[in-house]
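# Curious how this folds, go ahead:
(2 chains)
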Amino acid sequence: MKRNWFLYFFKKSVSQRKGRIIIASLSVMLAVAIVTGLFGITSGIKDKLGSELKAYGANVIVTSGKGEYLDYDLLERILNLDGVEHALGQVLGQAFIKKESVEVIGLEMGSMRESGWRLDGSWPQNEREIIAGNNLKEALQIKQGENISLQNEGRNLELTVSGFIERGGPEDNAFIVSIPQAWELMGIEGKLSVFLLRNKSGDLDKISSRIQNMLPEASVKTLRQVAVAEASLLGKMQMLMILVTVVVFFAAVVSIMSTMGANVLERREEIGLMKAIGATRNNIRIFYIAEALIIGLTGGAAGFLLGYLFTQAVSWGAFDSFIKVPLYLSLLSVAVGVIISLIASHFPVGDALKYNPAVILREE
Amino acid sequence: MSLIEVKNVIKEYETAHALRGVSMDVDKGQWVNIMGASGSGKSTLLNIIGGLDNASSGDVLINSTNIESLTEDELALFRREKVGFIFQQSHLIPYLTALENVMLAQYFHSLADENEAAEALKRVGLGQRLKHRPSQLSGGEQQRICIARALINSPEILLADEPTGNLDRENTKIILELLKSLHNEDHFTIVLVTHDPFVSGWGERTLMMEDGHITGDEVIKERDQGN
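Take a look at the predicted model:
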């Protein structure tokens, strides 16, 4: 009964100040939406950017250094090195088609599918299908599904073009075949021309020297710009997010504090009266905490939805795909909303508890 | 034995003295008026007796308990258990009905009981106004809600600060008649502050205050009341 009456009175009290509650909830909503949006974008973009950068290629390149080939078995050993995120081998060579000389790149088709390259057509479904660089489509007048013949030093491969890729690199002018196909065409079974590696963030120099120690004869080159740019961009984005979050957090706290302050001032007489008829400080505090919880919960939940939509809109604009927002972010958003609201209410409620009822009730 | 004992109470503000060593006592069940001009210290004395304000020095004993030594929350419990207040302005919550305003006092005391609150309003003649909001009622009716609210938890002491200060003579008389009737039935102690000689003619005893001192203490004869 006591709790029911509290809820009844609280509901009536809140309904009298719907405008203020809505304004305060909107402040929380905007703050949470910005924080959620930035958080979602940053974590999502980190993944997206990582895969996009992967599509641009490796940042460590290992070749034999003497114009010879590298053993395929070494690739497995390099992959197991500490700090190596991703490694693949390629066979580079040349072949003839319709008496035209073309580049041939042999690589693992599975890794290519995950690299984010843009494909027109379909990935090879069997060992006779290959991919062609987009520029060859016009240069050689070939079409998707067309059978072609690649020749090299008397060896001949009959293949079918299943699709065309475009990535703005040398692959656009080459045929992309599987490693076994490349070995068969070049006659170099068990050999690779180059190892292409991606390091884990910040380990570029270490991984480079580890490989050099393992293969003293090999040439190990780092593409520092790509790695540094990636780390730098992500770092800047995180800094920006933290900065904006702090600013938005304080702006929201100040805004709600001012709304709650006005609310307390408006209810001076009510607070004085409650004290006079026997309300303890906790009796009064609980009204404001309940109000702050309502503001925080509604603002937090609405802010999460808005932030989610904002995140997806940005992701769609930048990557043509949606970002996977983790579930815990929804709980975190509501928690942030409640925290903002409670912090903002702390000082006005403190003022309310200090009111001397004798003074207030005489003033009115 | 005295229910209220005020011993040498001084109340100082930064620039003024509101009470300059006031001592008085009130017997259980007595109706005492405190009369004086504006600024004489009568409302300050009433607030200190009711635990709404603290004395700068001196003791206030209610039922032999010195309320000056109580903490803020203990004072809140004291007010809810022992005291009912009636103010010059009714101080009703505007968005609650007459019934709900009375129930609010019940809520802070123990349990809100609608039937009991309705009965209290019937006793003050507002049985037909239970669902009305304060703005829909006259000043006299609002003060009657305050009386019902003040008495709903059966306090030992009713403290009234200029309860008829905003009312015309007719409504003043209605309120005082009502207080007299309730006092005769329930025998609670009343301390009523007023500057109106008509009001101070009611009750059993009137203390005169001037410049923070009690300057007179007279017993009211029954035949003088209401004149």
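
# Show me what stretch B:5-21 is in contact with.
Under the contact criterion Cβ atoms under 8 Å, 6 or more residues apart in numbering or on different chains, stretch B:5-21 has outside partners B:22-25, B:41, B:44-45, B:48-49, B:53, B:55-62, B:211-213. Just so you know, the C-beta spots here come from the backbone N, C-alpha and C atoms, and that holds for glycine as well.

# what comes up buried for that stretch?
Buried residues in stretch B:5-21, counted by 16 or more other Cβ atoms under 10 Å in any protein chain shown: B:5-7, B:9, B:11, B:18-19.

# just stretch A:346-360 next, same as before
A:348-349, A:352-353, A:355, A:357-358, A:360.

# if we take the residues you listed, which one ends up nearest to A:M29?
Using Cβ to Cβ, A:P348 comes nearest to A:M29 of the buried residues of stretch A:346-360, at 19.9 Å.

# The helix or strand harbouring that closest one and chain B, are they touching?
A:P348 is part of helix A:328-354, with elements assigned from DSSP states H and E. No: applying Cβ under 8 Å from any Cβ of the partner chain, one finds helix A:328-354 separated from chain B by no less than 8.8 Å.

# Beyond that helix, next helix or strand please.
helix A:357-363.

# quick one, strands of chain B?
In chain B, the segments counted as strands under DSSP state E are B:2-12, B:17-27, B:31-36, B:57-62, B:65-66, B:83-86, B:157-161, B:189-194, B:205-210, B:213-219.

# mean confidence score for the second one?
Think strand B:17-27. Per-residue pLDDT values over strand B:17-27 give a mean of 93.

# so how far is it from its chain's centroid?
16 Å (Cα atoms, centre = their mean, to the nearest Å).

# partners of it in the sheet?
According to DSSP bridges, strand B:17-27 has the following sheet partners: strand B:2-12 (antiparallel).

# same question, the last one
For strand B:213-219, the paired strands and their directions (DSSP bridges) read strand B:205-210 (antiparallel).

# Now do the partner strand against strand B:31-36, angle only.
20 degrees (axes from the mean of the first three to the mean of the last three Cα atoms, to 10 degrees).

# Chain B contacts on the stretch 151-300 of chain A?
Residues of the stretch 151-300 of chain A lying close to chain B by Cβ under 8 Å from any Cβ are A:269-270, A:272-283.

# gap between the two ends of stretch A:145-159?
10 Å (Cα to Cα, to the nearest Å).

# Show me which positions of it end up buried.
Counting neighbours by 16+ other Cβ under 10 Å, stretch A:145-159 gives A:148, A:150, A:152, A:157, A:159 as buried.

# measure B:N166 to chain A for me?
According to Cβ to the nearest Cβ, to the nearest Å, B:N166 and chain A sit 12 Å apart.

# Identify the residue spatially nearest to that residue, adjacent ones excluded.
Spatial nearest neighbour of B:N166, excluding adjacent residues (Cβ to Cβ, 6 or more residues apart in numbering or on different chains): B:G139 at 5.6 Å.

# need the helices for chain A, in chain order.
With helices called from DSSP state H, chain A shows them at A:2-16, A:18-55, A:72-79, A:109-114, A:134-139, A:179-186, A:204-214, A:224-266, A:268-276, A:281-319, A:328-354, A:357-363.

# Chain B too?
Under DSSP H, chain B gives helices at B:42-49, B:72-82, B:98-109, B:114-123, B:139-151, B:169-186, B:197-200.

# Quick one: distance of stretch B:90-97 to the chain centre.
The chain centre lies 18 Å from the centre of stretch B:90-97; the measure is Cα atoms, centre = their mean.

# Between the two ends of it, how far is it?
Per Cα to Cα, stretch B:90-97 runs 14 Å from first to last residue.

# What are the contacting residues of that stretch?
Contacts for stretch B:90-97 (Cβ under 8 Å, 6+ apart): A:9, A:12-13, A:15-16, A:269-270, A:272-273, A:276, A:361, A:364, B:98, B:100-101, B:104, B:130-135, B:139, B:142-143, B:145-146, B:149.

# Of those residues, select the buried ones using a ChimeraX command.
For the buried members of the contacts of stretch B:90-97, the matching ChimeraX selection, counting by 16+ other Cβ under 10 Å, is:
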select /A:9,13,16,269,270,272,273,276,361 /B:98,100,101,104,130,132,133,134,139,142,143,145,146,149
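
# Surely the residue nearest to B:N166 is in contact with B:N171?
Yes: when contacts are counted by Cβ atoms under 8 Å, B:G139 is listed as touching B:N171 (6.5 Å).

# Name the residues of chain B found near chain A, please.
B:43-44, B:47, B:50, B:52-53, B:72-73, B:76-77, B:79-81, B:85, B:87, B:89, B:91, B:93, B:95-96, B:100, B:103-105, B:107-109, B:111-112, B:149, B:153.

# buried subset of those?
B:43-44, B:47, B:50, B:52-53, B:76-77, B:79-80, B:85, B:87, B:89, B:91, B:93, B:95-96, B:100, B:103-105, B:107-109, B:112, B:149, B:153.

# List the contacts of B:R133.
B:94-98.

# beta partners for the most centrally placed residue in chain B?
Closest residue to the average C-alpha location of chain B: B:L159 at 1.7 Å, with Cα atoms, centre = their mean. Taking DSSP bridges as the rule, B:L159 bridges to B:F85, B:V191.

# How about the contacts made by it?
Residues near B:L159 by Cβ under 8 Å, 6+ apart: B:46, B:49-50, B:83-86, B:191-192.

# could I get those residues as CSV with pLDDT and distance to A:I295?
Below are those laid out as CSV (pLDDT from 0 to 100; distance: Cβ to Cβ, whole Å):
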residue, pLDDT, distance to A:I295
B:L46, 95, 38
B:I49, 96, 40
B:G50, 95, 35
B:V83, 95, 35
B:G84, 95, 35
B:F85, 94, 32
B:I86, 94, 35
B:V191, 96, 42
B:L192, 96, 43
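
# and which of those residues is nearest A:F287?
B:F85 (20.2 Å).

# Domains of chain A: list them as residue ranges, please.
A:2-52+A:231-363, A:60-222 (automatic domain parsing).

# Just name the most buried of these.
Neighbour counts (mean count of other Cβ atoms under 10 Å in any protein chain shown) averaged over each of the domains of chain A peak at domain A:2-52+A:231-363, with a mean of 18.

# Distance check, the residue nearest to the centre of chain B against A:P357.
For B:L159, the distance to A:P357 (Cβ to Cβ, to the nearest Å) stands at 12 Å.

# A:I61 - nearest residue in space that isn't next to it in sequence?
Excluding the flanking residues, the one nearest A:I61 by Cβ to Cβ, 6+ apart is A:K221, at 4.8 Å.

# got a list of what the one you found touches?
A:60-63.

# at 10 Å what do you get?
Shown in contact with A:K221 (Cβ atoms under 10 Å, 6 or more residues apart in numbering or on different chains): A:58-63, A:208.

# same check, this time on B:S56
For B:S56, the contact set (Cβ under 10 Å, 6+ apart) comprises B:9-13, B:17-19, B:48, B:68.

# which residues of the stretch 1-150 of chain A score low on pLDDT?
Scanning the stretch 1-150 of chain A for pLDDT under 70 picks out A:1-3, A:45-58, A:113-116.

# What parts of it come near chain B?
A:1-2, A:4-6, A:8-9, A:12-13, A:15-17 (Cβ under 10 Å from any Cβ of the partner chain).

# next one: phi and psi at the nearest residue to B:M1 once chain neighbours are set aside?
Once flanking residues are discounted, B:M1 sits nearest to B:K28: 7.3 Å by Cβ to Cβ, 6+ apart. The phi and psi values for B:K28, taken as degrees, to the nearest 10, are phi -60, psi 130.

# Tell me the spacing between B:K28 and B:I214.
20 Å.

# Compare these two and say which is more crowded by neighbours.
Using other Cβ atoms under 10 Å in any protein chain shown, the more surrounded residue of B:K28 and B:I214 is B:I214, with 22 against 14.

# Thanks a lot, catch you later.
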